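Enquirer: 3D model of this:
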Amino acid sequence: MRKPLCFSYPAAAFLVIAILLFTVLGQAQTAGDLYSTDNIVGKMRYIPAGVFTQGSPTNEPGRNPDENQFSHFLSKNIAVMETAVTRQMWADLRLVQPSLPDDPSNMSCGPLPDYPVQSVTWYKSVLFANLLSIQNGLTPCYYRDSRFTVPVDPPNYKSGQFFCNFEANGYRLPTEGEREYFARAGTTGVFSIDEPNYSNATFGDCTPGLLPSLETVSWFCSTTLCCIKAAGGKNANPWNLKDVHGNVMEWCWDYYCSYPMGNVTDFRGARPESMRAVRGGYASFDARFARSANRFCRMPYIVEAAIGFRLVRTLNQMPASSVTVTYPAGSESWWIGTVHPINWTAANDISYIDIEYSTNNGSSWLPVVSSVLNNGQYDWTVPNTPSSLCLIRVSNAAHPPTNDICASNFSIVPIPAPAISLNRVEVSFYAGSGQTSLPSQRVMISNSAGGTLSWAASPSAGWVTVTPSAGNGDTLVTMDANPVGFAPGIKNAT
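Expert: Okay, the predicted model is just below:
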């Protein structure tokens, strides 16, 4: 089966119903724990903020070229519906919010109240979220203006530009990153369950029993002849969320676009585009489309029997914390290969720290150390990356947006070649007849170029060796005039 990329299927209805009132049970401490039970949309599961690798490796069977991997930090704790919105949930919300349109679902594909809503547009999904927020006394997330003063409502929801207030406590669609994060549920494989039989040879095969592990968590072509099934009929993933790998596909907030590179925080799509992201498998698609990393996109007005939605809520965030870099303060010159302390202060029980440095005034960052104990100091061996535009950034390892950058640029420079001068042009040694030694002579070695020096006598070679090492300034070196193996004569002082 060819991947149904970014175009619509024949129209057919699909949406969700509701269950009634809102009872908070309290924030859970572990991913997947019950956070609350909403009398309209049912169980909400607690999903903590975290970092994961979004996308798929290049050797994953069935992958597509729009899945290039990047490190994604999600800064918000969220509560996630255990299943997609059902037709019963839609009906229950409409009972108390009669301005909600009729259930758009295609009844031939989803005939019963416990089936997911489908054939629902992105616009109606957003409207449902706002009306549910209002019904439960929460702050709506969706607005028609960037200042969040004109909420999305029945008169204005059908087209145009939309803005999401991610700080609001109301209901919203997940971002594409959040959707993959909670589908994976801490796993890194193709699915949230290990399916050893999945391969390039089997991902398009719909033979029942061929992928037995996947069949326990997903409705796809080997488990259903065509249409969707009742919500939540398969096993949950490790975070107690159901149907994340297949039943209906689910709308996300993001505009569909290419992934960024590197380390990214709260990626929510790039500039406005025409299509919105869609995630999750569909009952009649083969296994490759049930993968955790698989991506779809559709126009927001599309009506497709394969698409429904699931809602999330932003929860109270991590306590405010702070990090302050105290050294370097800027203007220092640190020699390559030398060791210097990086100092910081951190508040609010930050346990671990990440440290990075930049050689281009913060345009990009390189790691110094990750997850080091927050003890206020790290001794850094300065790397061979000379620049006068260096910065240090210290971050809360559990919450990278909590960070600080040193006050101004410092420099990483090569160690200067030492320049040495003596207090006389040459040093003379003379041993008279029958003498084995003379009184020691003292020679002033002047560090005229500011390098670091050490010195050691090398009698067998007949010279005093001066090499870069530790110590600074002018120093007197005592040399025996005629030690054993040290021939008398004149030694050049240069």
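Enquirer: Now do the same contact list for Phe162.
Expert: Contacts for Phe162 (CB atoms under 8 Å, 6 or more residues apart in numbering) come out as Val126, Tyr142, Tyr143, Arg144, Val152. The C-beta positions use only the backbone N, C-alpha and C, and glycine is treated the same way.
Enquirer: So Met89 is in contact with Val41, correct?
Expert: Yes. The criterion here is CB atoms under 8 Å, and Met89 meets it with Val41 at 5.2 Å.
Enquirer: rewinding a little: tell me which of the contacts of Phe162 is nearest to Leu74?
Expert: Tyr142 (19.7 Å; CB to CB).
Enquirer: Buried ones in stretch 314-331, by neighbour count?
Expert: Thr314, Leu315, Met318, Val323, Val325, Thr326, Tyr327, Pro328 (16 or more other CB atoms under 10 Å).
Enquirer: which strand of the protein spans the most residues?
Expert: strand 387-396 (DSSP state E).
Enquirer: Pull out the buried positions in it.
Expert: In strand 387-396, counting by 16+ other CB under 10 Å, buried: Ser387, Cys390, Leu391, Ile392, Arg393, Val394, Ser395, Asn396.
Enquirer: Could you list every helix and strand in contact with that strand?
Expert: strand 323-327, strand 339-346, strand 352-358, strand 399-405, strand 410-413 (3 or more CB pairs under 8 Å, 6 or more residues apart in numbering; DSSP states H and E).
Enquirer: and with 7 Å instead?
Expert: Judged by 3 or more CB pairs under 7 Å, 6 or more residues apart in numbering; DSSP states H and E, the packing partners of strand 387-396 are strand 323-327, strand 352-358, strand 399-405, strand 410-413.
Enquirer: Could you identify which of those has the lowest mean pLDDT?
Expert: For those, mean pLDDT drops lowest on strand 399-405, to a mean of 81.
Enquirer: Setting aside sequence neighbours, what's the nearest residue to Val190?
Expert: Among residues not flanking Val190 along the chain, Arg291 sits closest, at 5.3 Å (CB to CB, 6 or more residues apart in numbering).
Enquirer: Would you check that my belief about that neighbour contacting Gly62 is correct?
Expert: Yes. The pair Arg291 and Gly62 passes the contact test of CB atoms under 7 Å, sitting 6.3 Å apart.
Enquirer: Settle it for me: which of the two has more neighbours?
Expert: Taking other CB atoms under 10 Å, Arg291 and Gly62 do not tie; Arg291 has more neighbours (25 against 21).
Enquirer: Can you give me the separation between that one and Gly281?
Expert: 8 Å (CB to CB, to the nearest Å).
Enquirer: next one: Phe148
Expert: Distance from Phe148 to Gly281, by CB to CB: 34 Å.
Enquirer: now do Ser192
Expert: Distance from Ser192 to Gly281, by CB to CB: 12 Å.
Enquirer: neighbour count winner among the two?
Expert: Set Ser192 next to Gly281 and count neighbours by other CB under 10 Å: Gly281 wins out with 30 against 23.
Enquirer: residues contacting the more buried one?
Expert: Ser218, Phe220, His245, Gly246, Phe289, Ala290 (CB atoms under 7 Å, 6 or more residues apart in numbering).
Enquirer: now do 8 Å
Expert: Ser218, Trp219, Phe220, His245, Gly246, Asn247, Met249, Ala287, Phe289, Ala290, Arg291, Asn294.
Enquirer: what number of residues lie near Gly262?
Expert: 8.
Enquirer: shared neighbours, Ser192 and Gly281?
Expert: What both Ser192 and Gly281 touch, as defined by CB under 8 Å, 6+ apart, is the set His245.
Enquirer: hang on, the earlier thing: isn't the residue nearest to Val190 right up against Pro57?
Expert: No. Between Arg291 and Pro57 there is no contact under CB under 8 Å: 11.4 Å.
Enquirer: Look up the residues that both of the two are in contact with.
Expert: Common neighbours of Arg291 and Pro57 (CB under 8 Å, 6+ apart) are Arg63.
Enquirer: For stretch 112-123, buried residues please.
Expert: Quick answer for stretch 112-123 (16+ other CB under 10 Å): Pro113, Asp114, Tyr115, Pro116, Val117, Gln118, Ser119, Val120, Thr121, Trp122, Tyr123.
Enquirer: End to end on it, go ahead and measure it.
Expert: Criterion CA to CA, to the nearest Å; first-to-last residue distance in stretch 112-123 is 23 Å.
Enquirer: Give me the average confidence score over it.
Expert: Mean predicted lDDT for stretch 112-123 stands at 96.
Enquirer: what are the ranges of the strands in the stretch 251-400 of the chain?
Expert: 263-265, 276-279, 296-298, 307-308, 312-314, 323-327, 333-335, 339-346, 352-358, 366-373, 377-381, 387-396, 399-405 (DSSP state E, counting those that start in this stretch).
Enquirer: Give me the helices and strands touching the fifth one, please.
Expert: Put plainly, it is strand 312-314. Checked by 3+ CB pairs under 8 Å, 6+ apart, strand 312-314 has strand 78-81, strand 171-172 packed alongside it.
Enquirer: what pairs with the longest one, and is each one parallel or antiparallel?
Expert: Right, the one you point to is strand 78-81. strand 42-47 (antiparallel), strand 312-314 (antiparallel) (DSSP bridges).
Enquirer: Distance to Thr265 and mean pLDDT for those strands - can I get that in a markdown table?
Expert: Converted to a markdown table, those look like this (distance: least, CB to CB, whole Å; pLDDT from 0 to 100):
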| stretch | distance to Thr265 | mean pLDDT |
| --- | --- | --- |
| strand 42-47 | 17 | 94 |
| strand 312-314 | 15 | 96 |
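Enquirer: closest to Val372 out of those?
Expert: Of all these, strand 42-47 comes closest under CB to CB, at 27.3 Å.
Enquirer: Check what pLDDT the closest residue to Thr338 other than its chain neighbours gets.
Expert: Spatial nearest neighbour of Thr338, chain neighbours left out: Val382 (5.5 Å); criterion: CB to CB, 6+ apart. Among the per-residue scores, Val382 shows a pLDDT of 95.
Enquirer: who's in contact with Val382?
Expert: Applying CB under 8 Å, 6+ apart, the residues contacting Val382 are Trp334, Trp335, Ile336, Gly337, Thr338, Val339, His340, Ile412.
Enquirer: who wins for most neighbours among those?
Expert: Ile412 leads the contacts of Val382 on contacts (other CB under 10 Å) with 22 neighbours.
Enquirer: Check whether Gly110 really touches Lys229, as I assumed.
Expert: No. Under the criterion of CB under 8 Å, Gly110 makes no contact with Lys229, lying 9.0 Å away.
Enquirer: all helices of this structure, in order?
Expert: 87-96, 122-135, 176-184, 212-215 (DSSP state H).
Enquirer: care to break the protein down by domain?
Expert: 1-317, 323-413, 420-492 (automatic domain parsing).
Enquirer: okay, those, which one's buried deepest?
Expert: domain 1-317 (a mean of 20; mean count of other CB atoms under 10 Å).
Enquirer: ok now that one, how far from the chain's centre?
Expert: 20 Å (CA atoms, centre = their mean, to the nearest Å).
Enquirer: Quick one: the contacts of Gly281 as a markdown table, columns for pLDDT and distance to Thr359 too.
Expert: Formatted as a markdown table, the contacts of Gly281 follow (pLDDT from 0 to 100; distance: CB to CB, whole Å):
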| residue | pLDDT | distance to Thr359 |
| --- | --- | --- |
| Ser218 | 93 | 47 |
| Trp219 | 90 | 51 |
| Phe220 | 91 | 49 |
| His245 | 95 | 44 |
| Gly246 | 91 | 47 |
| Asn247 | 93 | 50 |
| Met249 | 96 | 44 |
| Ala287 | 93 | 46 |
| Phe289 | 95 | 43 |
| Ala290 | 94 | 44 |
| Arg291 | 96 | 39 |
| Asn294 | 96 | 38 |
